[in-house]
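In: Give me a 3D structure for the following:
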Amino acid sequence: MSQKPAKRVDRKSDSKMPKKSNAKKKSAPSTARKGTGARKERTDQINGVGRVDPQLASVFSSDFQMRILEILFREELLKSELALQLECTINQMDYHCRKLLALDYIEVSKTKKRRGKERKVYRAKRGIHLPEEIWNTFGSSMKHRAMTGISKASFSDLAVALNAGIFEQHPECRGAWIPGAVDEKGWNQVVEIALRAQEEFIKAREESKDRIARGAKPIPFTVSLFAHLLPEGMESSERRTILEALARS
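Out: The predicted structure follows:
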(Lines give C-alpha, C1' and ligand atoms only; values in the text may rest on other atoms or scores of the structure.)
Protein backbone atom coordinates (compact mmCIF):
# COMPACT_ATOMS: atom_id res chain seq x y z
CA MET A 1 0.00 0.00 0.00
CA SER A 2 2.86 2.33 0.69
CA GLN A 3 3.77 2.17 -3.01
CA LYS A 4 0.43 3.57 -4.31
CA PRO A 5 0.78 7.07 -2.75
CA ALA A 6 4.28 7.23 -4.13
CA LYS A 7 2.87 6.61 -7.61
CA ARG A 8 0.27 9.36 -7.13
CA VAL A 9 2.95 11.81 -6.08
CA ASP A 10 4.96 10.93 -9.18
CA ARG A 11 1.91 11.53 -11.41
CA LYS A 12 1.26 14.90 -9.77
CA SER A 13 4.84 15.95 -10.21
CA ASP A 14 4.71 14.73 -13.82
CA SER A 15 1.57 16.76 -14.46
CA LYS A 16 3.36 19.88 -13.31
CA MET A 17 6.26 19.38 -15.71
CA PRO A 18 4.52 20.48 -18.94
CA LYS A 19 3.78 23.86 -17.34
CA LYS A 20 7.46 24.38 -16.68
CA SER A 21 8.43 23.22 -20.16
CA ASN A 22 5.73 25.43 -21.66
CA ALA A 23 7.20 28.40 -19.86
CA LYS A 24 10.55 27.62 -21.42
CA LYS A 25 9.03 27.17 -24.87
CA LYS A 26 7.47 30.64 -24.74
CA SER A 27 10.86 32.28 -24.58
CA ALA A 28 12.30 30.16 -27.41
CA PRO A 29 10.56 31.86 -30.37
CA SER A 30 11.87 35.32 -29.51
CA THR A 31 15.42 33.97 -29.36
CA ALA A 32 14.97 32.25 -32.73
CA ARG A 33 13.63 35.44 -34.32
CA LYS A 34 16.57 37.41 -33.03
CA GLY A 35 18.96 34.86 -34.44
CA THR A 36 17.21 34.90 -37.82
CA GLY A 37 17.32 38.68 -37.92
CA ALA A 38 21.03 38.68 -37.16
CA ARG A 39 21.68 36.21 -39.97
CA LYS A 40 19.74 38.37 -42.45
CA GLU A 41 21.67 41.45 -41.42
CA ARG A 42 24.98 39.67 -41.94
CA THR A 43 23.84 38.44 -45.37
CA ASP A 44 22.96 42.00 -46.37
CA GLN A 45 26.39 43.18 -45.30
CA ILE A 46 28.11 40.45 -47.30
CA ASN A 47 26.03 40.77 -50.47
CA GLY A 48 25.51 44.50 -50.39
CA VAL A 49 21.85 44.00 -51.27
CA GLY A 50 19.23 46.45 -50.06
CA ARG A 51 21.53 48.84 -48.22
CA VAL A 52 21.83 51.65 -50.77
CA ASP A 53 20.08 50.59 -53.99
CA PRO A 54 18.95 46.96 -54.17
CA GLN A 55 18.13 47.18 -57.88
CA LEU A 56 21.55 48.56 -58.75
CA ALA A 57 23.20 45.81 -56.74
CA SER A 58 21.01 43.15 -58.35
CA VAL A 59 22.52 43.88 -61.79
CA PHE A 60 25.96 42.87 -60.56
CA SER A 61 24.61 39.79 -58.82
CA SER A 62 23.08 38.59 -62.11
CA ASP A 63 25.49 36.83 -64.46
CA PHE A 64 22.92 37.08 -67.24
CA GLN A 65 22.52 40.87 -67.01
CA MET A 66 26.28 41.35 -66.79
CA ARG A 67 26.62 39.31 -70.00
CA ILE A 68 24.05 41.57 -71.69
CA LEU A 69 26.08 44.64 -70.67
CA GLU A 70 29.34 43.11 -71.86
CA ILE A 71 27.84 42.36 -75.29
CA LEU A 72 26.19 45.77 -75.64
CA PHE A 73 29.44 47.53 -74.77
CA ARG A 74 30.97 45.87 -77.84
CA GLU A 75 28.08 46.21 -80.32
CA GLU A 76 24.56 47.57 -80.79
CA LEU A 77 21.92 44.87 -81.16
CA LEU A 78 18.21 44.19 -81.44
CA LYS A 79 16.55 42.24 -78.63
CA SER A 80 16.14 39.31 -81.01
CA GLU A 81 19.89 39.34 -81.79
CA LEU A 82 20.72 39.49 -78.08
CA ALA A 83 18.36 36.60 -77.38
CA LEU A 84 20.03 34.56 -80.11
CA GLN A 85 23.52 35.18 -78.72
CA LEU A 86 22.50 34.37 -75.15
CA GLU A 87 20.22 31.47 -76.13
CA CYS A 88 17.08 32.72 -74.39
CA THR A 89 13.53 33.62 -75.40
CA ILE A 90 12.45 37.06 -76.58
CA ASN A 91 10.22 37.38 -73.50
CA GLN A 92 13.16 36.71 -71.19
CA MET A 93 15.31 39.26 -73.04
CA ASP A 94 12.47 41.80 -72.97
CA TYR A 95 12.30 41.50 -69.17
CA HIS A 96 16.04 42.05 -68.68
CA CYS A 97 16.23 44.90 -71.20
CA ARG A 98 13.35 46.72 -69.50
CA LYS A 99 15.12 46.36 -66.15
CA LEU A 100 18.46 47.64 -67.51
CA LEU A 101 16.69 50.52 -69.26
CA ALA A 102 14.96 51.52 -66.02
CA LEU A 103 18.32 51.53 -64.21
CA ASP A 104 19.88 53.64 -67.00
CA TYR A 105 22.52 51.03 -67.90
CA ILE A 106 21.41 50.67 -71.52
CA GLU A 107 19.63 52.90 -74.01
CA VAL A 108 17.91 52.75 -77.41
CA SER A 109 20.43 54.02 -79.97
CA LYS A 110 18.25 53.80 -83.09
CA THR A 111 15.55 51.73 -84.79
CA LYS A 112 15.68 49.17 -87.60
CA LYS A 113 12.89 48.05 -89.85
CA ARG A 114 12.30 44.32 -89.60
CA ARG A 115 9.32 42.54 -91.16
CA GLY A 116 7.54 45.84 -91.72
CA LYS A 117 7.95 47.02 -88.11
CA GLU A 118 10.35 49.42 -86.42
CA ARG A 119 12.55 47.51 -83.94
CA LYS A 120 14.65 49.11 -81.20
CA VAL A 121 18.43 48.73 -81.24
CA TYR A 122 20.12 48.74 -77.82
CA ARG A 123 23.55 49.73 -76.61
CA ALA A 124 25.20 50.02 -73.23
CA LYS A 125 25.47 53.58 -71.96
CA ARG A 126 29.02 54.88 -71.91
CA GLY A 127 30.48 54.40 -68.51
CA ILE A 128 29.91 52.50 -65.30
CA HIS A 129 30.25 54.87 -62.38
CA LEU A 130 29.60 53.47 -58.94
CA PRO A 131 29.60 56.04 -56.12
CA GLU A 132 31.76 55.08 -53.16
CA GLU A 133 28.77 54.62 -50.84
CA ILE A 134 27.36 52.01 -53.25
CA TRP A 135 30.71 50.36 -54.04
CA ASN A 136 31.36 49.85 -50.32
CA THR A 137 28.14 47.87 -49.95
CA PHE A 138 29.12 45.33 -52.62
CA GLY A 139 30.37 41.90 -51.63
CA SER A 140 33.48 40.41 -53.22
CA SER A 141 31.60 38.62 -56.03
CA MET A 142 29.75 41.77 -57.10
CA LYS A 143 32.95 43.84 -57.00
CA HIS A 144 34.61 41.25 -59.22
CA ARG A 145 31.70 41.33 -61.70
CA ALA A 146 31.61 45.13 -61.73
CA MET A 147 35.36 45.41 -62.39
CA THR A 148 35.14 42.77 -65.12
CA GLY A 149 32.45 44.81 -66.87
CA ILE A 150 34.37 48.07 -66.45
CA SER A 151 37.65 46.62 -67.73
CA LYS A 152 36.07 44.99 -70.79
CA ALA A 153 34.18 48.16 -71.67
CA SER A 154 37.27 50.36 -71.32
CA PHE A 155 39.47 47.95 -73.32
CA SER A 156 36.80 47.93 -76.04
CA ASP A 157 36.83 51.75 -76.24
CA LEU A 158 40.64 51.79 -76.35
CA ALA A 159 40.72 49.21 -79.15
CA VAL A 160 38.22 51.27 -81.19
CA ALA A 161 40.28 54.46 -80.67
CA LEU A 162 43.56 52.75 -81.65
CA ASN A 163 41.97 51.22 -84.75
CA ALA A 164 40.61 54.63 -85.81
CA GLY A 165 43.99 56.36 -85.36
CA ILE A 166 42.60 58.72 -82.71
CA PHE A 167 45.93 59.08 -80.86
CA GLU A 168 47.70 60.12 -84.06
CA GLN A 169 44.97 62.57 -85.10
CA HIS A 170 44.55 64.11 -81.63
CA PRO A 171 47.89 64.42 -79.80
CA GLU A 172 46.09 65.79 -76.71
CA CYS A 173 44.70 62.27 -76.12
CA ARG A 174 46.89 60.56 -73.55
CA GLY A 175 47.50 57.24 -71.89
CA ALA A 176 49.54 56.35 -68.84
CA TRP A 177 50.61 53.21 -67.04
CA ILE A 178 52.25 53.97 -63.69
CA PRO A 179 53.36 50.84 -61.81
CA GLY A 180 55.51 50.98 -58.70
CA ALA A 181 55.59 50.44 -54.96
CA VAL A 182 54.33 52.76 -52.21
CA ASP A 183 53.89 52.55 -48.46
CA GLU A 184 50.47 52.60 -46.81
CA LYS A 185 50.36 56.40 -46.67
CA GLY A 186 51.32 56.63 -50.33
CA TRP A 187 48.63 54.11 -51.33
CA ASN A 188 45.98 56.12 -49.46
CA GLN A 189 47.12 59.21 -51.37
CA VAL A 190 46.76 57.33 -54.68
CA VAL A 191 43.20 56.29 -53.79
CA GLU A 192 42.22 59.84 -52.80
CA ILE A 193 43.65 61.27 -56.04
CA ALA A 194 41.81 58.66 -58.13
CA LEU A 195 38.50 59.40 -56.40
CA ARG A 196 38.93 63.16 -56.85
CA ALA A 197 39.84 62.71 -60.51
CA GLN A 198 36.78 60.52 -61.07
CA GLU A 199 34.48 63.19 -59.63
CA GLU A 200 36.16 65.93 -61.70
CA PHE A 201 35.70 63.95 -64.92
CA ILE A 202 32.01 63.49 -64.16
CA LYS A 203 31.64 67.18 -63.28
CA ALA A 204 33.18 68.21 -66.63
CA ARG A 205 30.83 65.88 -68.49
CA GLU A 206 27.72 67.15 -66.68
CA GLU A 207 28.65 70.81 -67.19
CA SER A 208 29.12 70.13 -70.90
CA LYS A 209 25.53 68.93 -71.24
CA ASP A 210 24.15 72.47 -70.88
CA ARG A 211 26.58 73.86 -73.47
CA ILE A 212 25.79 71.04 -75.90
CA ALA A 213 22.07 71.69 -75.42
CA ARG A 214 22.75 75.33 -76.42
CA GLY A 215 24.45 74.25 -79.66
CA ALA A 216 28.06 73.31 -78.80
CA LYS A 217 29.45 70.39 -80.81
CA PRO A 218 29.45 67.12 -78.82
CA ILE A 219 32.83 65.35 -78.73
CA PRO A 220 32.68 61.63 -77.81
CA PHE A 221 35.30 60.77 -75.21
CA THR A 222 36.15 58.13 -72.64
CA VAL A 223 38.32 58.08 -69.52
CA SER A 224 39.40 54.75 -68.07
CA LEU A 225 40.62 55.03 -64.52
CA PHE A 226 42.06 52.11 -62.56
CA ALA A 227 43.86 52.31 -59.23
CA HIS A 228 44.54 48.88 -57.76
CA LEU A 229 47.07 46.77 -55.93
CA LEU A 230 48.92 43.79 -57.39
CA PRO A 231 49.60 40.38 -55.82
CA GLU A 232 53.08 40.13 -54.34
CA GLY A 233 55.72 37.92 -55.89
CA MET A 234 53.90 37.14 -59.14
CA GLU A 235 56.08 35.37 -61.70
CA SER A 236 56.17 36.72 -65.25
CA SER A 237 54.87 33.36 -66.52
CA GLU A 238 51.80 33.69 -64.23
CA ARG A 239 51.16 37.21 -65.51
CA ARG A 240 51.41 35.99 -69.12
CA THR A 241 48.93 33.16 -68.46
CA ILE A 242 46.41 35.61 -66.98
CA LEU A 243 46.75 38.00 -69.93
CA GLU A 244 46.30 35.18 -72.44
CA ALA A 245 43.15 34.00 -70.65
CA LEU A 246 41.82 37.59 -70.62
CA ALA A 247 42.47 37.96 -74.35
CA ARG A 248 40.45 34.80 -75.05
CA SER A 249 37.45 35.87 -72.90
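In: all helices for the protein, in order.
Out: Ranges of helices in the chain, per DSSP state H, are 3-47, 54-60, 63-74, 79-86, 90-102, 132-135, 140-163, 166-169, 184-213, 236-248.
In: distance between the fifth one and the chain's centre?
Out: Average the C-alpha atoms of helix 90-102, do the same for its chain, and the two points are 17 Å apart (C-alpha atoms, centre = their mean, to the nearest Å).
In: what's the angle from it to helix 63-74?
Out: Angle of helix 90-102 versus helix 63-74, following axes from the mean of the first three to the mean of the last three C-alpha atoms, to 10 degrees, is 70 degrees.
In: and helix 90-102, what's its mean pLDDT?
Out: Mean per-residue pLDDT for helix 90-102: 92.
In: Pull out the buried residues from it.
Out: Buried residues in helix 90-102, counted by 16 or more other C-beta atoms under 10 Å: 93, 96-97, 99-100. The C-beta positions use only the backbone N, C-alpha and C, and glycine is treated the same way.
In: quick one: contacts for the residue nearest to K113 when sequence neighbours are not counted?
Out: Spatially, and ignoring its direct neighbours in sequence, K113 is nearest to R119 (7.3 Å; C-beta to C-beta, 6 or more residues apart in numbering). R119 makes contact with 78-80, 111-113, according to C-beta atoms under 8 Å, 6 or more residues apart in numbering.
In: re earlier: would you turn the buried residues of helix 90-102 into CSV with distance to A181?
Out: Converted to CSV, those look like this (distance: C-beta to C-beta, whole Å):
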residue, distance to A181
M93, 47
H96, 43
C97, 45
K99, 43
L100, 40
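In: Would you mind giving me the confidence score for I178?
Out: Looking at I178, the pLDDT reads 90.
In: Likewise for the one 3 residues further on?
Out: Model confidence at A181, given as pLDDT, is 89.
In: For it, give its distance to A213.
Out: 46 Å (C-beta to C-beta, to the nearest Å).
In: Over to A176?
Out: For A176, the distance to A213 - C-beta to C-beta - is 32 Å.
In: In terms of neighbours, single out the busier of the two.
Out: Between A176 and A213, counted using other C-beta atoms under 10 Å, the more crowded position is A213 (9 against 4).
In: Can you pull the poorly scored residue ranges out of the chain?
Out: Residues of the chain that meet the criterion pLDDT under 70 lie in 1-58, 60-61, 126-127, 236, 246-249.
In: ok, now with 50
Out: 1-52 (pLDDT under 50).
In: what's stretch 168-181 in contact with?
Out: 158, 161, 166-167, 230.
In: of all these, which two lie farthest apart?
Out: Between any two of the contacts of stretch 168-181, the greatest separation by C-beta to C-beta is 28.6 Å, found for I166 and L230.
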